[in-house]
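1. Show me the folded form of this:
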Amino acid sequence: MIALLIDAAVAMDEIFWIQAYGDRQQLLDDIEDPATEQFALINYGPWDRLAGNEPFLPGVGPKPAGSNFYPRDVTRAEMEREIASGGARADSLRSLYTLVRRDQAGRLTAIPYHVAFRRQNEWAAARLRQAAELADDRGLRRYLTLRADALQNDQYRASDLAWMDMKNNSIDVVIGPIETYEDALFGFKAANEAFVLIKDREWSGRLERYVAMLPFLQQALPVPAEFKRETPGTSSDLNAYDAVYYGGDANAGSKTIAINLPNDETVQLERGTRRLQIKNAVRAKFDRILLPIARELIAPDQLGDVTFDAFFENTMFHEVAHGLGIKNTVFDRGTVREALKERGGGLEEEKADVLGLFMIGQLTERGELPREELMDNYVTFLAGIFRTVRFGASSAHAQANMATFNFFREQGAFTRDAAGKYRVDLPQMQAAVALLSERILRLQGTGDYTGVGQFMGQYGTIAPPLQADLDRLSSRGIPVDIIFEQGPSILGL
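-> Purely as a prediction, here's the structure:
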């Protein structure tokens with residue numbers, strides 16, 4: 001079954017190359033240096049994803065904001081004008097699951113993914129159906145079958161619901177067009193990706209009890225009632241996994257260490273979400289990156305507060321926090337995602353970071369977490385900011401962490417001494433977490449597109465002292481991120 005799922009994942013990899021760049025093979029054929037070719041494979045194109053999408057090949061120019069989801073010459077004004085006309089055509093142009101191209105008359109037209117990527121989707125669907133025949137778990141069998149159908153008709157809600165219903169399977173796969181970060185023009189288009197995963201039942205057992213606390217945690221949020229009027233689903237799943245394959249968007253540039261899906265707001269409100277912590281990826285990043293960063297930048301007397309358990313908890317509560325707050329704006333501007341467009345992704349990641357810390361504080365007050373370990377979570381979070389901001393301005397997670405860092409610094413949550421070492425102030429950190437939680441939830445709840453832009457403009461930049469500290473990390477040879485040894489990216493479909 002794992003072999004079949006990896007085969008299906010390879011098809012997502014090929015689709016994502018087209019979405020992110022275009023003709024993969026032509027790009028690679030034009031590169032003579034093997035190291036540069038490998039770098040292009042890591043980045044799924046000629047732009048360095050961990051350096052603000054700077055081009056590393058001559059003559060390629062800047063990365064289009066809309067990647068290859070739209071014609072290269074499309075403008076925001078043209079898209080908005082076409083969408084403003086309303087109707088089925090407008091819906092298809094802004095659909096998660098269409099490429100936008102020009103017809104013979106030069107007018108924008110939408111091509112459904114299941115048409116544009118028919119060959120790859122048929123390949124993947126066939127392998128998912130073969131895997132379903134091998135599945136002992138009834139829920140997994142149903143999900144694989146429905147997901148295969150979805151790849152061939154772009155109707156994903158039924159398979160999302162089936163994925164939410166899986167509870168006992170040991171093997172899992174996340175596959176299809178999912179996240180919208182690659183579309184930095186509008187945030188409309190979902191990019192294809194895949195994860196093939198095996199459940200770690202021992203670690204999963206430690207995580208189960210937190211999901212039932214979501215309604216309490218929602219009501220504890222530091223905002224007025226209208227910003228927490230929705231009730232998060234409590235059938236959510238929280239488990240730990242080891243990954244055996246990443247494909248497509250999941251494998252491009254920085255590697256994710258947790259998954260919180262599905263993104264469909266209707267499914268979230270009805271069933272909640274599943275949160276998958278990828279333990280082997282978390283461990284690799286902690287050992288190879290976070291600890292070396294902490295040794296360089298965290299004050300010696302707080303270095304012992306940087307722990308793997310705190311890093312894993314922060315990651316876990318980040319994913320849980322995606323389910324808190326509000327999905328539909330309070331002033332009937334539609335969903336938060338629709339109202340905030342391309343600015344929504346970074347703010348949602350920042351919300352998850354900050355509300356994750358807020359939740360840890362609330363659970364500590366209730367005696368659910370050891371009070372003596374709260375400092376571990378805060379100091380490890382600060383060290384984690386240094387890790388994530390190195391992903392560059394093109395990463396929603398990096399933008400979110402940069403804004404959080406500057407807001408916390410302004411509030412006195414931490415200090416930096418003359419030697420360039422950082423120290424957390426516990427009471428000030430707790431106050432800053434509550435204050436920033438309220439700020440973000442209000443921006444989301446009101447659908448304040450302009451306000452989010454102003455907030456990120458004010459806080460989402462790297463000041464010279466921090467840049468010097470980040471340069472110090474690079475001079476010490478500390479890697480920015482990991483890559484996986486998992487065989488060829490493309491097997492030739």
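
2. Can you give me every residue that contacts residue 305?
-> For residue 305, the contact set (C-beta atoms under 8 Å, 6 or more residues apart in numbering) comprises 298, 375-376, 378-380, 424. Using the backbone N, CA and C atoms, a C-beta is placed for each residue, glycine as well.

3. What are the buried residues along stretch 416-423?
-> For stretch 416-423, a neighbour-count test (16 or more other C-beta atoms under 10 Å) marks 421-422 as buried.

4. I meant stretch 203-221, not that one.
-> Buried, per 16+ other C-beta under 10 Å, within stretch 203-221: 203-204, 206-207, 210-211, 213-214, 217-218, 220-221.

5. out of those residues, who's nearest residue 172?
-> Of all the buried residues of stretch 203-221, residue 172 sits closest to residue 204, with 11.3 Å by C-beta to C-beta.

6. where's the closest one relative to residue 276, distance?
-> Plainly put, residue 204 is 10 Å away from residue 276 if you go by C-beta to C-beta, to the nearest Å.

7. In the chain, mark out all the strands, start to finish.
-> Taking DSSP state E, the strands of the chain run over residues 47-48, 54-55, 98-102, 108-112, 171-179, 191-200, 237-248, 258-261, 274-278, 414-416, 422-424.

8. where does this structure dip in pLDDT?
-> Scanning the chain with the threshold set as pLDDT under 70 gives 233-236, 392-395, 487-493.

9. From the centre of it, point out the most distant residue.
-> residue 105 (37.5 Å; C-alpha atoms, centre = their mean).

10. Could I get the phi/psi values of that residue?
-> phi -90, psi 0 (degrees, to the nearest 10).

11. can you pull the contacts of it?
-> With C-beta under 8 Å, 6+ apart, residue 105 has no contacts at all.

12. What separation do you get for the closest residue to residue 221 other than its chain neighbours and residue 441?
-> Sequence neighbours aside, residue 228 is the residue nearest to residue 221 in space, at 4.9 Å (criterion: C-beta to C-beta, 6 or more residues apart in numbering). Between residue 228 and residue 441 the distance is 8 Å, computed by C-beta to C-beta.

13. Overlap in contacts, those two.
-> 221, 325-326.

14. For residue 297, give its distance to residue 345.
-> Applying C-beta to C-beta to residue 297 and residue 345 gives a distance of 27 Å.

15. meant to ask about residue 388
-> Counting by C-beta to C-beta, the gap from residue 388 to residue 345 is 14 Å.

16. Over to residue 17?
-> The value you get for residue 17 to residue 345, if C-beta to C-beta is used, is 21 Å.

17. For ChimeraX, write the selection for the buried entries among the contacts of residue 305.
-> Those of these that count as buried under 16+ other C-beta under 10 Å are selected in ChimeraX with:
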select :298,375,376,378,379,380,424
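
18. and the contacts of residue 305, which of them are in helices?
-> 375-376, 378-380 (DSSP state H).

19. Take those residues and write them to a markdown table, including distance to residue 189.
-> Shown next, in a markdown table, are the ones in helices among the contacts of residue 305 (distance: C-beta to C-beta, whole Å):
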| residue | distance to residue 189 |
| --- | --- |
| 375 | 42 |
| 376 | 39 |
| 378 | 37 |
| 379 | 38 |
| 380 | 34 |
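
20. quick check, nearest of the residues you listed to residue 408?
-> Taking those together and measuring to residue 408 by C-beta to C-beta, the closest member is residue 378, at 9.8 Å.

21. Now for the closest one: which residues touch it?
-> So residue 378 contacts 305, 357, 424, 426, 429 (C-beta under 8 Å, 6+ apart).

22. What are the buried residues along stretch 271-283?
-> Quick answer for stretch 271-283 (16+ other C-beta under 10 Å): 271-282.

23. okay but residue 433 is in contact with residue 361, surely?
-> Yes: here residue 433 reaches residue 361: they are 6.6 Å apart, a contact under C-beta atoms under 8 Å.

24. Comparing these two, which residue is more hemmed in?
-> residue 433 (27 against 19; other C-beta atoms under 10 Å).

25. how far away is the more buried one from residue 22?
-> Residue 433 is 43 Å from residue 22, by C-beta to C-beta.

26. And for residue 211?
-> 42 Å.

27. on that earlier part again, filter the buried residues of stretch 203-221 down to just the ones in helices.
-> Per DSSP H, the subset of the buried residues of stretch 203-221 in helices is 203-204, 206-207, 214, 217-218.

28. And those, which is closest to residue 83?
-> Nearest member of those to residue 83, counting by C-beta to C-beta, is residue 218, at 33.0 Å.

29. if we can go back for a sec, could you dump the buried residues of stretch 271-283 into TSV with distance to residue 78 added?
-> TSV is the format used below for the buried residues of stretch 271-283 (distance: C-beta to C-beta, whole Å):
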residue	distance to residue 78
271	38
272	38
273	35
274	38
275	39
276	39
277	42
278	40
279	45
280	45
281	40
282	43
